[in-house]
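In: sequence unknown, structure follows:
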């Protein structure tokens, strides 16, 4: 796959689920813009990674069996000091075990807080008839509520990528709304094309979920990622 991953994967119904850290390592090896992330298996390791990456940091539960990390209190943001990191590590593990007592937990991811931007989502799933379908829309925790997304069949042309972005209802948030600075739409188009190429080059990818991707006036950054592979 082009990335040096630790594959203790969960194999379930012919699929292999990569952790957030493994997913990001794969994407980074393929040249996609991913926020730097460390894997902490202890409180001391979380402190070391946070000190290396720099504050403020974000921390998230690492488990192949916990998909919606925020729903169980498995995500803590904007941690500004070592004492906050120490407390967050224990709290995240406690919350995860309380909500998912049978889940296998591999630690906590530690990453630098990304600057605020417009949250978008890029996803891929395989349709039985059409094959890989790429999705784009407004991201974050409200993506399932708003369902403001567009779809195209892989491989994408540039006009496909442009249309995917401009046809969503919330496009004014990207093009500049009430005096806000527009995001780099051309960068997002290129990112969609690169993800389309990635899916073509790696037919073993069964699902791809990049959410959120922070869109900025001068680029974008993948903040969270999940990759599911075919066996």
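Out: Sure thing, it's come through. This is a predicted model, so every value here is computed, not measured.
In: going forward, measure contacts and count neighbours with C-alpha atoms only.
Out: Will do.
In: all helices of the protein, in order?
Out: For the chain, the helices defined by DSSP state H cover 20-29, 43-53, 82-99, 143-146, 158-166, 171-175, 185-201.
In: Deepest-packed of those, please.
Out: Mean neighbour count (mean count of other C-alpha atoms under 10 Å) peaks for helix 20-29 among those, with a mean of 22.
In: how big is the angle separating it from helix 185-201?
Out: Taking axes from the mean of the first three to the mean of the last three C-alpha atoms, to 10 degrees, helix 20-29 and helix 185-201 form an angle of 100 degrees between their directions.
In: Show me what the mean pLDDT comes to for helix 20-29.
Out: Mean pLDDT, computed over helix 20-29, is 95.
In: The chain should start at 38 in everything you say after this.
Out: Got it, first residue is 38 now, which makes that one helix 57-66.
In: helices or strands up against it?
Out: strand 74-77, strand 262-267 (3 or more C-alpha pairs under 8 Å, 6 or more residues apart in numbering; DSSP states H and E).
In: winner for burial among those?
Out: strand 74-77 (a mean of 22).
In: That one pairs with which strands?
Out: Strand 74-77 pairs in its sheet with strand 144-149 (antiparallel), by DSSP bridges.
In: who's in contact with the partner strand?
Out: The contact list for strand 144-149 (C-alpha atoms under 8 Å, 6 or more residues apart in numbering) reads 57-58, 72-79, 83, 86-87, 90-100, 126, 129-130.
In: go on, stretch 259-268?
Out: Counting by C-alpha under 8 Å, 6+ apart, 48, 51-57, 60-61, 70-72, 151, 241-251 sit against stretch 259-268.
In: Endpoints of it, how far apart?
Out: 25 Å (C-alpha to C-alpha, to the nearest Å).
In: what does stretch 235-248 give?
Out: 17 Å.
In: Same check on stretch 132-142?
Out: By C-alpha to C-alpha, the extent of stretch 132-142 from end to end equals 12 Å.
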